[in-house]
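> Could you work out the structure for the sequence below:
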Amino acid sequence: MNVVNDRYLTITGEVRTQIKVKDSKFIASVAPVQSEGEAMSFIERISREFYDATHNVTAFKVGLGDQAIKRYNDDGEPAGSSGPPVLMAIEGEELTNVAVIVTRYFGGTKLGFGGLVRAYGDCAKAGLTLAEIKEKVQFLLVRVEVPYDQIGSVVKEVQSGIGEIKDTQYSNEGAAVIVDLLPGYLERFTQKLIDATRGKAIVTVVESEFRD
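Now for the predicted structure:
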């Protein structure tokens, strides 16, 4: 499933797995994160746990589309041999809001650049494969202000299956209907209400959040 602007895939909780490649031990620690700060805190925690490791290679991705934050660190391995494959594993699963650390304990046999790419990428993918994936969908909380006699137009449009009415507030000027709405319906919903009320409807997005 592709990540689009109003939904994304992430994981439900932390997981850990281990693989062995030519006597070197690779440990993948994977966690869901909501921000760059959370990702860095996770990285610091795992790095302290494996303070005696040869390398703690890290990568994370937070956010969507062009606004996504992507970072990686080779932690002393040859440049590009370890951090990028870990980040590619995250993106290959079409995930975001995920941090991965691949810890290596050197076993005495050098793997070469290509071997490192495969080992770090395979370990990260093994960790991500263990994680439970969930889809997060964006919802908008929308305030619709209309004259009293146009409340029916709002109710009719919402009941067509595009959202859910959460509350109705009354004032001397008219009514405000609070609607839970999927982003993809916002433009059409707004235009229909403007047409139905001859331009009197005022539609305002109050809040946006992603939910399971």
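
> quick one, domains of the chain?
According to automatic domain parsing, the chain comprises the domains 7-131, 137-211.

> what mean pLDDT would you report for the last one?
Model confidence over domain 137-211, given as mean pLDDT, is 89.

> So for that domain, first residue to last residue, what's the gap.
End-to-end distance of domain 137-211 (C-alpha to C-alpha, to the nearest Å): 5 Å.

> May I have the beta-bridge partners of Tyr72?
Beta-bridge pairing for Tyr72 (DSSP bridges): Ala59.

> quick one on the thing from earlier: mind putting the domains of the chain in CSV, mean neighbour count included?
For every residue, glycine as well, the C-beta is placed using N, CA and C. Listed next are the domains of the chain as CSV, based on neighbours: other C-beta atoms under 10 Å:
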stretch, mean neighbour count
domain 7-131, 18
domain 137-211, 15
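
> Can you tell me what sits against the longest helix anywhere in the chain?
Counting residues, the longest helix in the chain under DSSP state H turns out to be helix 112-130. Helix 112-130 is contacted by residues 11, 15-19, 21-22, 24, 26-30, 57, 59, 77-78, 81-86, 88-90, 92-93, 95, 98, 100, 102, 104, 111 when judged by C-beta atoms under 8 Å, 6 or more residues apart in numbering.

> Tell me which of those fall in helices.
Short answer: the contacts of helix 112-130 in helices (DSSP H) are Gly83, Pro84, Pro85, Val86, Met88, Ala89, Ile90, Gly92.

> Correct me if wrong: the first one contacts Asn56.
By that I understand Gly83. No - look at Gly83 against Asn56 with C-beta atoms under 8 Å: they stay out of range, at 10.8 Å.

> Overlap of the contact sets of these two?
Here Gly83 and Asn56 have Asp75 as joint contacts, going by C-beta under 8 Å, 6+ apart.

> contacting residues around Gly108?
Asp23, Ser24.

> for it, helix, strand, or coil?
Secondary structure state of Gly108, per DSSP: H, G, I helix; E, B strand; the rest coil, is coil.
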